[in-house]
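Colleague: sequence and predicted structure are below.
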Amino acid sequence: MDILTLFVVIPVLTVLALIFSKGIKQHRVVALIGFIIQTLMSFNLIYQYLHERAAGNNDVMVFTKDVMWFAPMNIHYAIGVDGISVLMILLTSIIVLTGIFISWKVDDLPKEFFISLIVLASGVYGFFISVDLFTMFVFYEIAVIPMYLLIGIWGSGPREYAAMKLTIMLMGASALLLVGILGVYFNSNADGGALTFNIFEIAKVNIPISAQKLFFPFLFIGFAVIGALFPFHTWSPDGHASAPTAVSMLHAGVLMKLGGYGIFRVAMFVMPAGAHYWANFFMVLAVIGVFYGALAAIKQKDLKYINAYSSVSHLGLVLLGLLMMNEIAWKGAMLQSLSHGFITALFFAMIGVIYGRTHTRIVTKMSGLLNVIPVAGALYVIAGMANLGLPGFSGFVAEMNIFVGAFQHADTFHRVITIIAVSSIVVTAVYILRVVGMMLMGPTTPEFKNLPKISWYEKTGTYILVLFIVLIGIFPFWWGGIISDSIGPFIEKILTF
Amino acid sequence: MISGISIYEILTVSTIIFFIGIYGFVTRKNLIAMLMSIELILNSAALNFVIFNKYLFPNELGGAIFSIFIIAVAAAETALALAIIINLYRLMMSLKTDDLETMKY
Amino acid sequence: MDLTYTVLIPLIPLFMFLFLGLNYKRIKEPLSGYIGTAGLLITALLSFYTAYQYFFNYGKVDEVYQKIYAFNTVWIHFTESLHIDMGVLLDPISAVMLIVVPLISLMVHLYSIGYMHKEPGFTRFYAYLSLFTFSMLGLVLATNLFQIYIFWELVGVSSYLLIGYYYEKPSAILAAKKAFIVTRFADFGFLVGILMISYYAQTFDFKILNDLDFINNLKMQTGIFMGLSVITVALVLIFIGGAGKSAMFPLHIWLPDAMEGPTPVSALIHAATMVVAGVYLVARLFPMFYFFDDGFALHVVAWTGAFTTFFAAIIAFTQYDIKRVLAFSTMSQIGYMMLALGVSGYGGHEGLGFMAGIFHLFTHAMFKALLFLGAGAIIHAVHSNYMQDMGGLRKYMPITHITFLIAALAISGIPPFAGFFSKDEILAAAFEHNFPVFVIGYIVAGMTAFYMFRLYFRIFWWNEPDYKHKPHEAPKAMTIPLLILAFMSIFSGFIPFDEFVSPDNKPFHSHIDWTLAGLSIGIGVLGILAALLFYKKEKDLSQRFRYAFGDFYKWTFNKFYIDDIYFFVTKTIIFKYVSSPFAWFDRHVVDGTMNGIGNGTVWISTKIKKLQSGRVQDYAMFFVSGVLILILIVWFSINY
């Protein structure tokens, strides 16, 4: 079996093993082993990928495989990876792994919990490895559905409402996506030849400009809803606030990345003319999201809401970077996807750790936690600092790539957009420091004088995330290099259409 | 032929009866009243059979026989319906359709 | 010559930070201080050696000091010419900073062993100090604009951590937050400026940016924005960043509050090193500042500096917290440096202002650190920051007294102390190029002498209050740094800076103009005498003056209400009228729309649901009406 298919198969095997395991301890261990294997495979994949590139394999996608799935409609199970997808796969593995560590103590239906989590992950893996639109869509749906269960069953607060809202909005997005995909499919024979779902086959065809203009927004919005584009972001605060910690991590860390990735790989890649036509319009929406998410975060009281709005703001930067249409900004957008994945996962993990001890997420009810749980407090500060774009952490590198890229357009429109986006760094500092000041510093709240220390599994999970944040922050050239290697085809297709 | 009365007048009567029946069936809430309305509808139909038989095929009896059939079926049906209604009434102490909504569950 | 070893200069403190930070529980009180100090000693020796070698050995080629990249590596690659590097740049001003930063930092490390004794989080303190030293060294050694920005942010965060060191004190938290956010706001300007330069110049590299041919080329190409070259706009934006860190009006509000941090931190960061980063930045890009639009951006620098120096000096008159007096004095002196850079020309003797600015930066670091460390010793002894609790301390703390006096004389510009020389050069430069600025500078010189000696007399003379504990001289760990810095405050003025520092890196000769010098000494002495009259003994003279000025005094005492204006803008306007409506808008309008769509669907469905009532009557009704309508339609369509 080839290396990529294993990424979908191993989660399935893990799920089977989980079904036959007994007792919470076994469940945990099985899930953990499954994901340690998965993580090792991700590293191996990167190694293999680099090896392959070093050996002079300059194909757009490597490790490709193509199996006919449904001949009448020319649907294939077609897979392959490039530099961007291998990094995304690594991100997914790390976040699910740390998520399992963080949810070590889930004791309500643990088996079902882990199964849902892993099914979700396998959907995400499938999404990242597919090069066939139809398979991609199928995997996307696989990733979205378990979310409903995870939030609805293991969530907190108004969880049914949140789960339903999230699922319905994402399903609405899927509907648009499907329209877009079919639109592309039925135009994929514009140059003669057969209808196809394969992205690279389609990319060779020049889809009529009118069709591109018509279908680009469908695909873009379809993906952008999960990427929290303003004004379709409102599922995210409610969903994140109600989701259990590991799910928030996975959702904000990985699932929201499907949006940016999908837009780049599918929407923009197959319909460059549409992308250019619509870029300015969506850029305005993206920058509104950036600034507005940050401002809305200032006033929130619930830690998870703050983080959810912060995600809206940071993912707005991803979309902005993509729409800026140049190499630097694209690289920045992909780095931002990665970086935001790790940072926000760390953030949610820390919120989970704190919530697990204080049983409240309301900022104003906590104070002086740094005294009681110093390690957790310090980790929260690190997450905050990474989030506000401190050099040395990943956020800085990604944001700077986006900003520098965005500034390579000299017209007033792009300038204004960019400057507004840049100004969000100030607002981000405000809401991060506000929380740090209120919650961690100050005199300790009496009822929180004795909180249990951060436990080994929480530590392991968060340290891994911090490690990756710092690795990106200090060695951006390595990560950036992998991304730049794969950005060539996009430049060729989108910028020189 | 009935002198001085054309088929139209009689058909008008039967139509009126029919619509009175429909109206009664749709608007009445009482099961008995509904049953009565259904009877009206049936009777208007039976009347039509007889009339058409009389005016179109005066030498045949098909229409009349059919209306006798209808009357017989209607009688059986009414008996059945009344039995159900009486049982329902015993069960629910009411014959208003609104009170019998639970029947559909 | 292989200069790669210079990367160790910033990396040793970084290592110290990681080491102490990761082991903060295992390493206990005195040990972490020793480790930190020892690490810094190595850094300091390396940097002194490097600076010495640079100035006297290999730096000067053909009578010009070269910009040498001791180390440079691409960190983020954008395009062929545009990339962010990490490296070590040696040139005269970075070499000067290589003396200032490690020296002051070393003194502060040493001093803190005594000062921070028995504080909780002693190790944490040393870790932060190391982090700061690392960032500051990275900043001064930056080879490109973006590297400066990176370390700029890092010094910002170490400043945040150190101001908030007493994190249980609400005022410290607020001060730390304020410092970070205000400087971050300024950095926004800085970043946009950098981005603009990145587009027009397509490089961040200092060697290229400061190259005259390159500047001339760039002048031809760039566009015009509101009557100014775009690069000028970018430079002004960059200066805003510098003004934020250097506490120039109106971005100064964080500096007085930053005194909530431990006193050694105030000495190191908020007096001697970090706050001069803005000056350093302007000096770094000096050729660009000078050549674009006839130095428009430089005029902005000069006038901002001049206004700030005056403004801060007035406020310093009325403050009672001794650290705040020193903080305003710092502001005022940094304004002086900015002013000096602002009035400077380029080439030969014209570059006097540039040289004087850097010179003043150097001497000021010495005596201001000394003043702060002295103030720390005093606070340590009397456990209060307020002048009202002090008086007559000369008897109890002889060493602190003498060193404080030396520093006060130095800052007042009395020869032969260090401040005299640098200040005199600044005034000379201003006199030649910009007379109004000179007048401001001249008046401020007198004001400085007055408020410094007000401080001095109030602390060491005046009347003794009832001390609960007898104040005592500070321990050796604290007095030794004082003595070293006092030595530097006396003698550093004799360093011939014109030999080393000039805008075009060619040594030139300046000489003291004794008429000007006499005038400035005169006003300095006048200020001291006035202070002597007012504050040597407890008198009501100062009170009477205070009442005579009435409202003006009140305004000054409240720092002209600038803080309140900011507070109003941020709390009321941003929070209440911007952020809250945004949050409301999001919850109710955007989310409301989404929920509205959901609720609309539900509403429609409940309406439609009624049709499926399960009642035969209703179905019959629909059936009949449907049939009727059909009949009507058919009927009408047949007939018409």
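Modeller: Perfect, I can see it now.
Colleague: heading C-terminal from the lowest-mean-pLDDT helix or strand in chain C, find the next helix or strand.
Modeller: Averaged element by element with mean pLDDT, DSSP states H and E, chain C has its least confident helix or strand at helix C:541-549 (a mean of 68). Using DSSP states H and E, the helix or strand that follows helix C:541-549 in sequence is helix C:551-557.
Colleague: can you point out the buried residues in the very next helix or strand once past that next one?
Modeller: If you walk from helix C:551-557 toward the C-terminus, the next helix or strand you reach (DSSP H and E) is helix C:562-567. Of the residues in helix C:562-567, those with enough neighbours to count as buried (16 or more other C-beta atoms under 10 Å in any protein chain shown) are C:I562, C:D563, C:Y566. All C-beta atoms are positioned from the backbone trio N, CA, C, and that covers glycine.
Colleague: need the contact list for the last one.
Modeller: By C-beta atoms under 8 Å, 6 or more residues apart in numbering or on different chains, the contact list for C:Y566 reads C:I253.
Colleague: tell me the residues of chain B that contact chain C?
Modeller: With C-beta under 8 Å from any C-beta of the partner chain as the criterion, chain B comes near chain C at residues B:I22, B:F25, B:V26, B:T27, B:R28, B:M34, B:T97, B:E101, B:K104.
Colleague: nearest to C:Q319, of those residues?
Modeller: Using C-beta to C-beta, B:E101 comes nearest to C:Q319 of the residues of chain B next to chain C, at 82.4 Å.
Colleague: and that closest one, what pLDDT?
Modeller: Taken from the predicted model, the pLDDT recorded for B:E101 is 72.
Colleague: what about residue 102, neighbour count?
Modeller: Answering for chain A, as no chain was given. Number of residues near A:I102 (other C-beta atoms under 10 Å in any protein chain shown) recorded here: 28.
Colleague: not quite, go with chain B.
Modeller: 7.
Colleague: thinking again about what came up before, got a markdown table for the residues of chain B next to chain C, with secondary structure, neighbour count and distance to A:A190 too?
Modeller: As requested, these are arranged in a markdown table below (DSSP: H, G, I helix; E, B strand; the rest coil; neighbours: other C-beta atoms under 10 Å in any protein chain shown; distance: C-beta to C-beta, whole Å):
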| residue | secondary structure | neighbour count | distance to A:A190 |
| --- | --- | --- | --- |
| B:I22 | helix | 21 | 59 |
| B:F25 | helix | 21 | 60 |
| B:V26 | helix | 20 | 57 |
| B:T27 | helix | 12 | 61 |
| B:R28 | coil | 17 | 64 |
| B:M34 | helix | 23 | 63 |
| B:T97 | helix | 18 | 61 |
| B:E101 | helix | 12 | 58 |
| B:K104 | helix | 8 | 54 |
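Colleague: which of the residues you listed scores worst on pLDDT?
Modeller: Minimum pLDDT for the residues of chain B next to chain C is recorded at B:K104 (64).
Colleague: excluding chain neighbours, what is closest to the most centrally placed residue in chain B?
Modeller: The centre of chain B sits closest to B:E39, judged by C-alpha atoms, centre = their mean, with a distance of 2.3 Å. Sequence neighbours aside, B:A74 is the residue nearest to B:E39 in space, at 6.3 Å (criterion: C-beta to C-beta, 6 or more residues apart in numbering or on different chains).
Colleague: secondary structure element for the one you found, which one?
Modeller: Following DSSP H and E, the helix or strand that holds B:A74 is helix B:62-92.
Colleague: just to revisit the earlier point, mind checking how far the residue nearest to B:E39 is from chain C?
Modeller: In this structure, B:A74 lies at 18 Å from chain C, with C-beta to the nearest C-beta, to the nearest Å as the measure.
Colleague: let me know the pLDDT of that residue.
Modeller: 90.
Colleague: how about the helix or strand that the residue nearest to the centre of chain B is a member of: buried residues?
Modeller: With the criterion set as DSSP H and E, the secondary-structure element containing B:E39 is helix B:31-56. The neighbour-count check on helix B:31-56 (16+ other C-beta under 10 Å) flags B:31, B:34-35, B:37-53 as buried.
Colleague: show me what it is packed against.
Modeller: Taking 3 or more C-beta pairs under 8 Å, 6 or more residues apart in numbering or on different chains; DSSP states H and E as contact, the helices and strands that helix B:31-56 lies on are helix B:7-27, helix B:62-92.
Colleague: which of those sits most buried?
Modeller: helix B:7-27 (a mean of 16; mean count of other C-beta atoms under 10 Å in any protein chain shown).
Colleague: quick check on the closest residue to C:F225 other than its chain neighbours: phi, psi?
Modeller: Of all residues not flanking C:F225 in the chain, C:V233 sits nearest, at 5.2 Å (C-beta to C-beta, 6+ apart). Geometry field for C:V233 lists phi and psi as phi -60, psi -40, criterion degrees, to the nearest 10.
Colleague: tell me if I'm right that the residue nearest to B:E39 and B:S44 touch.
Modeller: No - when contacts are counted by C-beta atoms under 8 Å, B:A74 is not listed as touching B:S44 (11.8 Å).
Colleague: which bits of the stretch 101-250 of chain C sit near chain B?
Modeller: Looking at chain B, no residue of the stretch 101-250 of chain C is close enough under C-beta under 8 Å from any C-beta.
Colleague: where exactly do the strands run in the stretch 101-250 of chain C?
Modeller: Secondary structure of the stretch 101-250 of chain C by DSSP state E, counting those that start in this stretch: the strands cover C:224-225, C:228-229.
Colleague: would you turn these into a markdown table with mean neighbour count?
Modeller: Formatted as a markdown table, the entries for these read as follows, by neighbours: other C-beta atoms under 10 Å in any protein chain shown:
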| stretch | mean neighbour count |
| --- | --- |
| strand C:224-225 | 12 |
| strand C:228-229 | 19 |
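Colleague: which of those strands has the lowest mean pLDDT?
Modeller: Ranked by mean pLDDT, those bottom out at strand C:224-225, which scores a mean of 71.
Colleague: pull the residues that contact that strand.
Modeller: Strand C:224-225 is contacted from outside by C:V230, C:V233, using C-beta under 8 Å, 6+ apart.
Colleague: who in chain C is up against chain B?
Modeller: That would be C:G614, C:R615, C:Q617, C:D618, C:A620, C:M621, C:V624, which are the residues of chain C within reach of chain B (C-beta under 8 Å from any C-beta).
Colleague: of the residues you listed, buried ones?
Modeller: Using 16+ other C-beta under 10 Å, the buried ones in those are C:R615, C:Q617, C:M621.
Colleague: out of those residues, flag the one nearest to chain B.
Modeller: C:M621 (4.4 Å; C-beta to the nearest C-beta).
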